[in-house]
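> Structure for this input, please:
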Amino acid sequence: MNSATTPSAHDDPYLWLEEVDGAQARAWVEGRNRITEAELEAQPSYTALRARLRAILDSTEKIPYAGCHAGLLYNFWRDAVHARGIWRRTTLDEYRKGAPAWETIIDLDLLAREEGENWVWGGVTWLEPDGALCLVSLSRGGGDAHVVREFDVRERRFVPDGFNLPEAKSDVAWIDRDTLFVGTDFGPGSLTESGYPRIVKEWRRGTPLEAAATVFEARPDDLSASAWTDATPGFERAFVQRQIGFYSSELFLRRDGRLIKLPKPEDANAFAVRDQLVIELRSNWEAGGTTYPQGALLAADFDAALGGQAAFELLFLPSPLTSLDGLTVTRDALLLTVLDKVKNRIVELRREDGRWQARDVDLPNMGALDTWAFDRVASNRYFLTMTGFTEPSTLYLMEAGTDAREPLKSMPAFFQAQGLQVHQFEAPSRDGTRVPYFAVMHRDTLLDGDNPTVLYGYGGFEVSLKPSYGAISGSAWLEDGGVYVVANIRGGGEFGPGWHQAALKQDRQRAFDDFIGVAEDLIARKITSPRRLGIMGGSNGGLLVGAVLTQRPELFNAVVCQVPLLDMRRYHLLLAGASWMGEYGDPDDPAEWDWIARYSPYHRVRAGQRYPRVLFTTSTRDDRVHPGHARKMAARMLEQGHELLYWENLEGGHAGAADNAQTARMWALTWTFLRRQLGKDQAA
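Predicted structure coming up:
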């Protein structure tokens with residue numbers, strides 16, 4: 001397929017569905033929702049499943065994950081009583097208890113009622129290191145655009161005449177108690193083509209936003225601009241970042257009103273850790289006569305690096321099967337989360353006698369590990385979570401320098417996992433690459449090709465799919481005999497930047513080939529068969545399943561396509577789409593459109609072709625991936641005579657749902673569709 005035969009935007013009969021709140025579009029959405037709800041909510045298993053999922057989401061036994069500020073632990077919590085949620089705090093001693101005494105700081109349900117707003121929590125930005133002020137972000141309906149309001153946690157109230165920003169995709173950070181870095185919608189020309197702040201200003205308390213002084217301006221075709229302050233005592237620094245593209249940036253130190261560019265490759269991440277500059281490489285880099293490989297982590301004296309005299313130390317060296325998955329900073333240590341054959345381990349780094357010393361933290365090799373600092377400035381304590389496909393998450397408190405783990409909280413078992421086993425297989429892709437995948441199934445599963453199976457994938461933006469405890473998928477699918485599969489295809493970050501870059505732009509087809517290879521391997525092993533195999537993915541994963549749907553429809557009998565990209569001719573013109581051209585390419589460039597057109601699902605779908613049944617789900621309030629993608633794809637397929645279901649939540653942003661009730665309904669519809677389409681209810 002080439003650009004000469006591909007419908008252009010001018011030939012698109014469904015542009016009206018891109019009008020998010022257009023009367024005709026909303027009527028179409030409401031009509032499709034009624035059809036989907038009437039069919040799926042009438043299924044015998046639906047009501048009980050929805051109630052069970054709601055009970056899981058509302059459970060008071062979930063782990064109340066917390067972050068520490070000024071010695072207190074803060075947590076945002078939703079349950080049956082607090083549908084929108086409460087922001088609350090407690091002490092560590094209380095947190096250790098089975099039923100801690102929490103102090104509510106903000107009751108979002110109460111605030112929404114008082115203000116007549118549809119508030120969804122967006123998080124807080126603290127005045128560090130121990131200030132009583134924060135900036136609270138609230139969105140209407142769950143989108144990426146937020147209102148930002150200053151809040152005093154001692155008084156437990158919004159600051160009268162305090163810092164206040166109207167709804168926008170803002171980026172804000174404290175400089176000091178009376179000054180902010182602000183990137184927001186300042187008016188025409190102040191946003192990039194991707195819809196993010198282009199200009200960073202310094203805004204002083206008590207002055208109008210219009211009077212804020214400009215600190216930095218990015219180019220209109222850059223992704224964004226931002227600034228922040230590192231408040232580590234003794235190492236206070238201000239930084240400004242020009243985000244050129246999704247994977248390229250320039251970082252500046254702001255000193256005495258001047259911007260000093262830090263020495264790093266454009267595609268590398270860099271940050272300060274006390275007296276050190278730490279750089280994470282996405283490509284090979286020559287520095288000081290040494291070539292460092294992509295995926296490596298380096299450190300050098302910050303001031304020496306600033307003066308061009310850096311002597312880098314190698315903190316992490318990747319291998320073909322290992323990559324850096326995360327990094328946590330404590331007072332005296334760096335904790336590296338390493339992904340080794342798609343399972344985690346932790347390496348602790350401490351600086352002794354002017355050199356970095358490494359040791360492995362003694363932990364079970366069971367699946368996914370995540371760490372975050374208890375207080376990166378004041379202590380070496382950190383939180384650790386351990387989880388697996390069949391093991392509920394456990395939260396520990398640890399301290400750098402020791403392997404001792406203090407258990408704090410454990411998630412209950414929300415589904416019956418007895419007899420389930422986790423297998424890690426490899427599938428050959430079209431070009432011979434071995435693609436790993438996890439398959440979770442009962443030990444008594446017969447390899448007769450008759451097992452209802454759901455294959456999940458993502459394959460983009462360096463996102464790694466690790467083992468995780470799926471209370472919802474376990475309850476809805478695994479518990480009564482379903483097989484659940486997670487594919488670690490190229491485009492993800494499972495094996496470092498090279499694994500991601502192998503499926504960028506003109507090589508995108510490799511991600512689809514990998515996913516197809518896993519599906520074929522599941523069939524070849526007789527774990528399942530096309531009649532029993534369904535696929536699911538969201539966002540970039542929605543593009544994945546949309547592309548595979550059009551390329552190999554005979555392999556599947558059900559597709560769940562969530563908040564997807566599908567019209568790759570216009571994706572860069574819709575909402576944040578322009579920011580992803582580093583991933584997919586530029587459709588306005590004829591040479592690049594030529595290879596994008598080969599997989600763009602909206603342009604590949606055909607009348608007369610038999611496709612598996614699809615459930616499209618999206619959100620009206622998704623201001624990241626435009627709901628027009630799913631709307632238009634569904635409309636075109638319906639016009640061509642294909643059978644499908646479409647459901648659009650009226651709230652929820654890119655997550656698809658704004659509260660537990662909406663989330664339970666969305667997943668109950670999704671899993672009911674899969675159970676029915678793959679014959680699971682009859683099999684059960």
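> For the closest residue to Ala476 other than its chain neighbours, give me its contacts.
Leaving aside its sequence neighbours, Ala476 sits nearest to Trp671 (CB to CB, 6 or more residues apart in numbering; 3.7 Å). C-beta coordinates here come from the backbone N, C-alpha and C atoms, glycine included. Neighbour list for Trp671: Leu49, Ile472, Ser473, Ala476, Trp477 [criterion: CB atoms under 8 Å, 6 or more residues apart in numbering].
> so where do the helices sit in the stretch 501-650 of the chain?
Under the criterion DSSP state H, counting those that start in this stretch, the stretch 501-650 of the chain carries helices at the ranges 509-524, 540-551, 581-584, 590-596, 601-604, 628-639.
> just to revisit the earlier point, any figure for the gap between the residue nearest to Ala476 and Ile535?
14 Å (CB to CB, to the nearest Å).
> again, but for Ala212
To Ile535, Ala212 is 49 Å away according to CB to CB.
> Remind me which helix or strand the residue most central in space within the chain belongs to.
Computing the C-alpha centroid of the chain and ranking residues by CA atoms, centre = their mean puts Val463 first, at 7.8 Å. Using DSSP states H and E, Val463 maps to neither a helix nor a strand.
> same deal with Trp671?
Assessed by DSSP H and E, Trp671 sits inside helix 660-677.
> about what we covered before: name the nearest residue to the residue nearest to the centre of the chain, ignoring sequence neighbours.
Using CB to CB, 6+ apart, the closest residue to Val463 is Gly492 (5.5 Å).
> Neighbours of that neighbour, how many?
By other CB atoms under 10 Å, 25 other residues sit near Gly492.
> Okay, it and Ala511: tell me how far apart.
On the measure of CB to CB, Gly492 and Ala511 end up 8 Å apart.
> Now the common contact residues for these two.
In terms of CB under 8 Å, 6+ apart, Gly492 and Ala511 are both contacted by the residues Gly459, Gly460.
> Out of the contacts of Trp671, which sit inside helices?
Leu49, Ile472, Ser473 (DSSP state H).
> Would you agree the last one is in contact with Val483?
No - taking CB atoms under 8 Å as the contact criterion, Ser473 and Val483 are not neighbours in contact, 11.1 Å apart.
> so where's the stretch 551-684 of the chain uncertain?
Flagging of the stretch 551-684 of the chain using pLDDT under 70 yields the residue ranges 652-654, 656-658, 682-684.
> same thing but 90
Confidence mapping of the stretch 551-684 of the chain against pLDDT under 90 gives the ranges 575, 621-624, 650-660, 680-684.
> Overlap in contacts, Ser473 and Val483.
Taking CB under 8 Å, 6+ apart as the contact rule, Ser473 and Val483 both touch Val454.
> ok, Thr387 - contacts?
Applying CB under 8 Å, 6+ apart, the residues near Thr387 are Gly367, Ala368, Ser393, Thr394, Pro467, Ser468, Tyr469.
> nope, Thr394 is what I meant
Applying CB under 8 Å, 6+ apart, we find Thr394 in contact with Thr385, Met386, Thr387, Pro407, Lys409, Ser410, Met411.
> nearest spatial neighbour of the first one, skipping sequence neighbours?
Once flanking residues are discounted, Thr385 sits nearest to Asp370: 4.8 Å by CB to CB, 6+ apart.
> didn't the one you found look like it was pressed against Gly326?
Yes - contact status for Asp370 versus Gly326: in contact at 6.8 Å, counting by CB under 8 Å.
> Look at these two and report which has more neighbours.
Neighbour comparison, Asp370 and Gly326: the larger count goes to Asp370, with 20 against 16 (by other CB under 10 Å).
> Redo the contacts of Thr394 as CSV? Include distance to Ala547.
Below are the contacts of Thr394 laid out as CSV (distance: CB to CB, whole Å):
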residue, distance to Ala547
Thr385, 33
Met386, 35
Thr387, 30
Pro407, 44
Lys409, 40
Ser410, 40
Met411, 35
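> Now for Gly187, how many residues are close by?
Look at Gly187: counted by other CB under 10 Å, it has 9 neighbours.
> what's the helix or strand containing Lys201 packed up against?
Assigned by DSSP H and E, Lys201 belongs to strand 199-204. Counting contacts by 3 or more CB pairs under 8 Å, 6 or more residues apart in numbering; DSSP states H and E, strand 199-204 packs against strand 179-183, strand 213-217, strand 224-230.
> and it, which strands flank it?
Sheet pairing of strand 199-204 (DSSP bridges) gives strand 179-183 (antiparallel), strand 213-217 (antiparallel).
> what angle sits between the first one and strand 224-230?
For strand 179-183 and strand 224-230, the angle between their directions (axes from the mean of the first three to the mean of the last three CA atoms, to 10 degrees) works out to 160 degrees.
> what residues does strand 179-183 touch?
For strand 179-183, the external contacting residues (CB under 8 Å, 6+ apart) are 135, 163, 165, 170-175, 196-205, 209, 212, 215, 224-229, 238.
> do the same with the last one
The set of residues external to strand 213-217 that reach it, using CB under 8 Å, 6+ apart, is 181, 198-202, 225, 227, 240, 242, 252, 254, 259.
> Counting neighbours, which of these comes out on top?
Per-residue neighbour counts (other CB under 10 Å) across the contacts of strand 213-217 peak at Val200, which has 27 neighbours.
> now it: how far from Gly257?
With distances taken as CB to CB, Val200 is found 13 Å from Gly257.
> swap in Trp121?
Separation of Trp121 from Gly257 (CB to CB) stands at 36 Å.
> Next: Gly122.
Here Gly122 is placed at a distance of 31 Å from Gly257 (CB to CB).
> if you count what's nearby, which of the two comes out ahead?
It is Gly122, of Gly122 and Gly257, that has more neighbours when counted by other CB under 10 Å, with 18 against 8.
> can I assume that one is in contact with Arg140?
No - using CB under 8 Å, Gly122 makes no contact with Arg140, being 10.3 Å away.
> For stretch 448-460, buried residues please.
Residues Gly449, Asp450, Asn451, Pro452, Thr453, Val454, Leu455, Tyr456, Gly457, Tyr458, Gly459, Gly460 are the ones in stretch 448-460 that count as buried (16 or more other CB atoms under 10 Å).
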